[in-house]
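> sequence unavailable; structure follows:
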């Protein structure tokens, strides 16, 4: 059924991140260190003599202003001798470019990325990020990338990063053909994700057309917003409309859509929760995360983009936790109504929201630098979207089935009553 399909969708979102850890190719970065330029005005020459702080894995420094400089020691001798020894999983065969490496930078919403390589000191400024045209990318893919010479000895390269969103950054350096294989795999997974989102939109639209319902209508709206968010986040707009859209469109679109997502999902949560007759004052507090998008847009375009996005992330988690509190202490006993009784037990609904809150918190805390990030953290926004989408589809499906059973029982009871009255006459 659709519930199993939704569960598959959730696993599809989490699966690639987990498999990437188990089967990742050899990263040629030997060591990493960072320096924070709070002014955002220091030049490459000025930061070279600064003290850099070593780190491992993924850099997670929360929602901060300024620029981050990364100093990466690249060791080309770690590269496999042949493509078959590269490790990991890739799809297809690619033209060998043994003298080139690719510096892959994730996630996609990073605004401005600049590379400095001592082996190519005379090259023009090298730029990437969603503030710049995708057509200027040295390695065109769904992520950001630079192509650098392999060299024969270990050397340091530098990256300068800026983002209005969280400073959560993963950098890999792989041989050219290995990176191409990884990007091909991501392209296929992204395509499947988009097809599944479209399927849920079609399914939700069909349900709403056949039996108009506020909960199903809210679900359909959430799916439509998810589609635009996912396709922008994955980079489709930058790739397919690079000649038509203004440079930086994806940057602003991401920020707007990432604030619309919690609003759309909270509308669904409130429509579903209203069937349980929660205390009015507790229920009204959920209007803040639902309508925060208005405040967030004012802050974002008013010159406080980082603050706007940080508050948005916090309220998304806080809203789910508050729903758990409402179900735990505010809803004493489901009160049935004539038109739309609460068909799902409040305890099952509480379990659903507890799991959803845990997933959101686990993905959001690394964005604030509060817990150690994982590879899944780099796709935090899209994983949250897909997990919510699959879970919502399961709830809508289950509720629909229970509602249909309830209507069939009511119809059978009405027919039995009519037959009884007829026999009495």
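Great, that's in hand. Computed from a prediction, not measured in an experiment: that's the story for all the values here. Residues are numbered from 1 along each chain as shown.

> so who does residue 225 touch?
By CB atoms under 8 Å, 6 or more residues apart in numbering, residue 225 lies in contact with 257, 260, 261, 264. All C-beta spots, glycine's among them, are computed from the backbone N, C-alpha and C.

> check the secondary structure at the third one for me.
Secondary structure assignment for residue 261 (DSSP: H, G, I helix; E, B strand; the rest coil): helix.

> isn't it right up against residue 226?
Yes: taking contacts as CB atoms under 8 Å, residue 261 lies within contact range of residue 226: 7.1 Å.

> how much space separates the residue lying closest to residue 307 once chain neighbours are set aside from residue 292?
Among residues not flanking residue 307 along the chain, residue 299 sits closest, at 5.7 Å (CB to CB, 6 or more residues apart in numbering). For residue 299, the distance to residue 292 (CB to CB, to the nearest Å) stands at 10 Å.

> which residues are in contact with both of the two?
Residues touching both residue 299 and residue 292 (CB under 8 Å, 6+ apart): residue 311.

> where's residue 389 relative to residue 125, distance?
The gap separating residue 389 from residue 125 is 39 Å, by CB to CB.

> so for these two, which residue has more residues nearby?
Neighbour comparison, residue 389 and residue 125: the larger count goes to residue 389, with 25 against 8 (by other CB atoms under 10 Å).

> check which element follows the helix or strand that contains residue 33 along the chain.
Assigned by DSSP states H and E, residue 33 belongs to strand 29-37. Later in the chain than strand 29-37, the nearest helix or strand by DSSP H and E is helix 44-47.

> list the buried residues of that next one.
Buried positions in helix 44-47, judged by neighbour count with 16 or more other CB atoms under 10 Å: residue 47.

> tell me the helices and strands packed up against the helix or strand that that helix is followed by.
Per DSSP H and E, the first helix or strand lying C-terminal to helix 44-47 is strand 53-55. For strand 53-55, the packing partners by 3 or more CB pairs under 8 Å, 6 or more residues apart in numbering; DSSP states H and E come out as strand 29-37.

> for residue 238, which non-adjacent residue is closest in space?
Nearest non-adjacent residue to residue 238 (CB to CB, 6+ apart): residue 134, at 4.2 Å.

> show the contacting residues for that neighbour.
Residue 134 is in contact with 140, 235, 238, 239, 242, counting by CB under 8 Å, 6+ apart.

> wait, what's in contact with the first one?
Counting by CB under 8 Å, 6+ apart, residue 140 makes contact with 134, 239.

> ok, now with 10 Å
Counting by CB atoms under 10 Å, 6 or more residues apart in numbering, residue 140 makes contact with 134, 183, 235, 238, 239, 242.

> where does the prediction get shaky in the stretch 251-400 of the chain?
Along the stretch 251-400 of the chain, segments meeting pLDDT under 70 span 333-343, 380-386, 388.

> residue 110 versus the closest residue to residue 159 other than its chain neighbours, what's the distance?
Among residues not flanking residue 159 along the chain, residue 70 sits closest, at 4.3 Å (CB to CB, 6+ apart). Using CB to CB, one obtains 12 Å as the distance from residue 70 to residue 110.

> quick check: neighbours shared by these two?
If you check residue 70 and residue 110 against CB under 10 Å, 6+ apart, the residues they both contact are 161, 169.

> what is the burial count for the residue found closest to residue 79 once you drop the neighbours it is linked to in the chain?
Among residues not flanking residue 79 along the chain, residue 175 sits closest, at 5.3 Å (CB to CB, 6+ apart). For residue 175, the neighbour count with other CB under 10 Å is 24.

> quick check: the gap between residue 175 and residue 97.
According to CB to CB, residue 175 stands 8 Å off from residue 97.

> shared neighbours, those two?
Contacts common to residue 175 and residue 97, judged by CB under 10 Å, 6+ apart, are residue 150.

> who does the strand holding residue 33 pair up with?
Partner strands and pairing direction for strand 29-37 (DSSP bridges) are strand 53-55 (antiparallel), strand 67-74 (antiparallel).

> could I get the average pLDDT for it?
For strand 29-37, mean pLDDT rounds to 95.

> in that strand, what's buried?
29, 32, 33, 34, 35, 36, 37.

> can you add distance to residue 322 and give those back as a markdown table?
Compiled in a markdown table, those are given as follows (distance: CB to CB, whole Å):
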| residue | distance to residue 322 |
| --- | --- |
| 29 | 41 |
| 32 | 38 |
| 33 | 40 |
| 34 | 36 |
| 35 | 39 |
| 36 | 34 |
| 37 | 38 |
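
> with the residues you listed in mind, which one is nearest to residue 282?
Nearest to residue 282 among these: residue 36, at 41.0 Å, using CB to CB.

> what sits against that closest one?
Shown in contact with residue 36 (CB under 10 Å, 6+ apart): 50, 52, 53, 61, 64, 65, 66, 67, 68, 69, 167.

> show me what the host helix or strand of residue 351 packs onto, helices and strands only.
Using DSSP H and E, the element containing residue 351 is helix 346-364. When contacts are defined as 3 or more CB pairs under 10 Å, 6 or more residues apart in numbering; DSSP states H and E, helix 346-364 packs onto helix 249-273, helix 305-325, helix 380-424.

> please repeat the previous calculation with a cut-off of 6 Å.
If you count contacts as 3 or more CB pairs under 6 Å, 6 or more residues apart in numbering; DSSP states H and E, helix 346-364 packs onto helix 305-325, helix 380-424.
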